[in-house]
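**Q** return a 3D structure for these sequence lines:
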Amino acid sequence: MYNPMLDTFIAVCDYGSFNKAAEHLYISPTAVMKQMNALENHLSIKLIDRTPTGVHLTAAGEIIYRDAKFMINYSKKSIAAANAVTHNYDTTFCVGTSLLNPAKPFMDLWYRVNQSFPNYKLHLVPFEDNHEGILSEIEKLGEKFDFLIGVCDSKAWLSLCKFLPLGRYKKMVAVSRDHPLSSKSRIDIRDLYGETLMMVRAGDSGVNDFIRNDLEKNHPQIRIEDTPQFYDLSVFNHCVETGNVLLTIECWQEVHPGLVTIPVNWDYSIPYGLLYSINAPKDVLEFVKAAENITHIA
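**A** Prediction:
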C-alpha cells in the first residue's frame, strides 16, 4: 500500500550512507542510489543532500522521514486487518432470510451438521420478497449469500442456482378472517366452488401448473386469478382486500395477520430446500454434501 522505496529511504537515513544502507538491504549501492533518485523524482522533492561525509536530510526530507515509519506501520496494520476480515469471511456462511423465505429451516439443519464445521459461524443477511426483484437476489448467491432456503420448483429460479431438496410443504389456502370459510378447520375442494382462487400464472412452476390443470379440467366452478409469478406481501394484501382465496403453503401461515390458512383435502405439496450458487466454493459444496447425508439418514 505504501511505496517500498520508503524502506530504502529510511535505511539511508538510519545508516547515513548509500553503502551501509546497501549492506543492510542486501542490494548494491548503485541500486540504493537509483531508488533514492526515483523516489525524489516521484515526489518532486529533494530529500537528501549527498556530501563526501555521507548523506544529510533536507528540511523536506526530515518531514518525510518522520512520517514514513508511521505510514509503513499503519499500512501493515491495515493489511493485517484486511486479511483478518477476509479470513473471517472465509469461515462464515452467509444465509439469506426474508418474510417468505425465512432462515429457520437452515438453522435447524445447521445445528445437525455444524460439528463438521467447527470454525464456521453464520451471518444472516436480510432481503426483500419483491416479486419484481427476487430473481436478482437469487443471482447474488455466491456473492451476497452462500445459501438461501425456501420453496422452489420455479424454472426461473432453478436456472440461476443449484437446489438441494430437503422436504415438502403442503399446499393450503388462505382467506381473510371475515371470509365464510375462515371458521373451518379443514375444507374440501368443493368448498371452493364459486370462489376466486389466486395463484401464480402458468408456465414456471410444475406443481402449480399441475394444480391449475386439475382445477380447470375437473373443477371449473372455481375461478382462477393470476398473481405475479412470485409472491410477495402485496399478494397477501390483495387477498385480504378482495376477499378472494389464495393458494399458499403451510409455512406461510403467519405471514399476514389478516389471513387464516386452511388445509385442503388434497395431496398437493411443493418442495423446499437449500439454494446455492452454480459456481459454489468448496466449503459450500461440503456443507451441501453434509446436509444431503443428514437428509438421507432422516
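**Q** what's the residue nearest the centre of the chain sitting at in phi/psi?
**A** Most central in the chain under C-alpha atoms, centre = their mean is residue 145, positioned 1.5 Å from the mean C-alpha point. Torsion angles at residue 145 (phi, psi; degrees, to the nearest 10) stand at phi -130, psi 150.
**Q** so the closest residue to it other than its chain neighbours, which state does it fall into?
**A** What sits nearest to residue 145 in space, not counting adjacent residues and going by C-beta to C-beta, 6 or more residues apart in numbering, is residue 96, at 4.1 Å. Glycine gets a C-beta too; all of them are placed from N, C-alpha and C. Classification of residue 96 using DSSP: H, G, I helix; E, B strand; the rest coil returns strand.
**Q** residue 96: neighbouring residues, count only.
**A** Residues near residue 96, counting by other C-beta atoms under 10 Å, number 24.
**Q** is it in a bridge, and if so with what?
**A** Each beta-bridge partner of residue 96 is listed here, defined by DSSP bridges: residue 125.
**Q** related to what we said a few turns ago, hmm, the residue nearest to the centre of the chain is touching residue 98, no?
**A** No: counting by C-beta atoms under 8 Å, residue 145 sits too far from residue 98 to count as a contact (10.8 Å).
**Q** which neighbours do those two share?
**A** The overlap between the contact sets of residue 145 and residue 98 (C-beta atoms under 8 Å, 6 or more residues apart in numbering) consists of residue 127.
**Q** for the residue nearest to residue 145, give me its contacts.
**A** For residue 96, the residues meeting the contact criterion (C-beta under 8 Å, 6+ apart) are 103, 124, 125, 126, 127, 137, 144, 145, 147, 148, 149.
**Q** which stretches of the protein form strands?
**A** For the chain, the strands defined by DSSP state E occupy 48-51, 54-57, 92-97, 121-126, 148-151, 162-176, 196-200, 223-227, 245-249, 259-263, 269-276.
**Q** can you put these in TSV and add distance to residue 73 and mean pLDDT?
**A** As requested, the strands of the chain are arranged in TSV below (distance: least, C-beta to C-beta, whole Å; pLDDT from 0 to 100):
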stretch	distance to residue 73	mean pLDDT
strand 48-51	22	86
strand 54-57	20	85
strand 92-97	29	94
strand 121-126	30	93
strand 148-151	42	93
strand 162-176	45	96
strand 196-200	59	97
strand 223-227	60	97
strand 245-249	57	98
strand 259-263	61	98
strand 269-276	41	96
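**Q** mind putting those strands in a markdown table, distance to residue 215 included?
**A** Conversion of these to a markdown table gives the following (distance: least, C-beta to C-beta, whole Å):
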| stretch | distance to residue 215 |
| --- | --- |
| strand 48-51 | 88 |
| strand 54-57 | 88 |
| strand 92-97 | 32 |
| strand 121-126 | 35 |
| strand 148-151 | 20 |
| strand 162-176 | 12 |
| strand 196-200 | 7 |
| strand 223-227 | 7 |
| strand 245-249 | 10 |
| strand 259-263 | 16 |
| strand 269-276 | 16 |
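**Q** need the per-residue pLDDT for the residue nearest to the centre of the chain.
**A** For residue 145, the pLDDT comes out at 93.
**Q** any idea how far it lies from residue 286?
**A** Distance, residue 145 to residue 286, using C-beta to C-beta, to the nearest Å: 17 Å.
**Q** try residue 195
**A** Taking C-beta to C-beta as the criterion, residue 195 is separated from residue 286 by 48 Å.
**Q** those two: who's more crowded?
**A** residue 195 (18 against 14).
**Q** enumerate every residue touching the more buried one.
**A** Residue 195 is in contact with 181, 222, 223, 244, 245, counting by C-beta under 8 Å, 6+ apart.
**Q** quick one: low-confidence ranges for this protein?
**A** Counting by pLDDT under 70, the chain shows low-confidence ranges at 1-2, 80-90, 296-298.
**Q** now the helices for this structure?
**A** For the chain, applying DSSP state H gives helices covering 5-15, 18-25, 29-43, 59-90, 104-113, 134-138, 155-158, 206-218, 233-242, 282-297.
**Q** residue contacts, residue 190?
**A** Here residue 190 is in contact with residue 219 (C-beta under 8 Å, 6+ apart).
**Q** leaving out chain neighbours, which residue sits closest to residue 12?
**A** Of all residues beyond its chain neighbours, the one nearest residue 12 is residue 21 (4.5 Å), with distances taken as C-beta to C-beta, 6+ apart.
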